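1. I would like to see how this sequence folds:
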Amino acid sequence: MKYFTFYIATLLMLHFPGNTLAQSENLSPPDSAQAEVVMNQYFTALAGGDIATLKVLLGGKLKAKRVLLLNNPEYTNYLVTTYANASFQILDIYSNSPNTVLIDVLISFGLEESIRKAYTLKHSTSSNTVMPYQIIGEVTAANLGSP
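-> Down below sits the predicted model:
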C-alpha cells in the first residue's frame with residue numbers, strides 16, 4: 001500500500017510541475033460542488049457516448065489530444081460499450097492553485113477491474129463555456145484490477 005500511495009503522489013507531482021501535494025488545499029464547498037458537477041457530466045457523457053458534451057467539457061491539451069477520437073463516428077459506440085456499466089467514484093477533490101482543481105477518481109468495470117485516474121480541471125474564463133471548469137488533464141494512476 002505504501003508503494004501505491006507513493007506512486008500516486010509521484011504521478012501527481014510529475015503531472016503538475018512546480019506544485020507539490022504539500023501545497024494542496026481543500027476547496028471551499030461551492031468550488032468543490034462545481035467541480036463535482038463537471039465530473040458527473042463527464043462520466044455521464046462517457047457512459048452515454050455523448051460526444052457533443054465531451055467536446056464542451058474537455059479543454060486544453062487533453063481536448064487537442066482527443067480531437068481525432070472525438071471526430072471518429074465509431075467512438076460513440078466504443079464509449080457506450082466500455083463505460084455503460086462502469087461506476088465512477090470521486091475519492092478526493094483538492095486544489096494546487098487558485099484556478100486548478102485536481103480530482104482523484106476510481107472507475108470500476110464490474111467486480112474484476114478498476115482504474116484510478118487523476119483529472120485536472122481548470123477554471124474557465126471564457127464566456128463561451130457553459131461549465132465553470134474544463135477538464136484539461138488525465139493521468140491513469142494505476143490499474144487496480146486483479147490479474
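
2. CA atoms for contacts and neighbours, from now on please.
-> Fine.

3. now the top helix by length along the chain: mean pLDDT?
-> For the chain, the longest helix by residue count, based on DSSP state H, is helix 29-48. Mean pLDDT, computed over helix 29-48, is 87.

4. what's the next secondary structure element after it?
-> helix 51-57 (DSSP states H and E).

5. tally of neighbours for Val56?
-> 16 (other C-alpha atoms under 10 Å).

6. what about it, distance to Asp92?
-> 23 Å (C-alpha to C-alpha, to the nearest Å).

7. got the phi/psi numbers for the nearest residue to Tyr78 once chain neighbours are set aside?
-> In space, and not counting its chain neighbours, Tyr78 is closest to Gly49: 7.7 Å by C-alpha to C-alpha, 6 or more residues apart in numbering. Backbone torsions of Gly49, given as degrees, to the nearest 10, read phi 70, psi 30.

8. next, the contact list for Gly49, please.
-> Going by C-alpha atoms under 8 Å, 6 or more residues apart in numbering, Gly49 touches Tyr75, Thr76, Asn77, Tyr78, Leu79, Val80.

9. what mean pLDDT does the helix or strand hosting Tyr119 have?
-> Under the criterion of DSSP H and E, Tyr119 resides in strand 113-123. Strand 113-123 carries an average pLDDT of 93.

10. in it, what counts as buried?
-> By neighbour count on 16 or more other C-alpha atoms under 10 Å, the buried set for strand 113-123 is Ser114, Ile115, Arg116, Lys117, Ala118, Tyr119, Thr120, Leu121, Lys122, His123.

11. show me where the chain has helices.
-> Counting by DSSP H, the helices of the chain are 2-15, 29-48, 51-57, 60-70, 75-83.

12. quick one, grab the pLDDT at Ser95.
-> At Ser95, pLDDT is 88.

13. follow-up on the earlier one: can I get the helices of the chain in TSV with distance to Gln134?
-> Converted to TSV, those look like this (distance: least, C-alpha to C-alpha, whole Å):
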stretch	distance to Gln134
helix 2-15	17
helix 29-48	8
helix 51-57	5
helix 60-70	8
helix 75-83	20
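
14. for Thr100, find the nearest of those helices.
-> helix 29-48 (10.0 Å; C-alpha to C-alpha).

15. which strands and helices lie in contact with the closest one?
-> helix 51-57, helix 75-83, strand 87-97, strand 133-143 (3 or more C-alpha pairs under 8 Å, 6 or more residues apart in numbering; DSSP states H and E).
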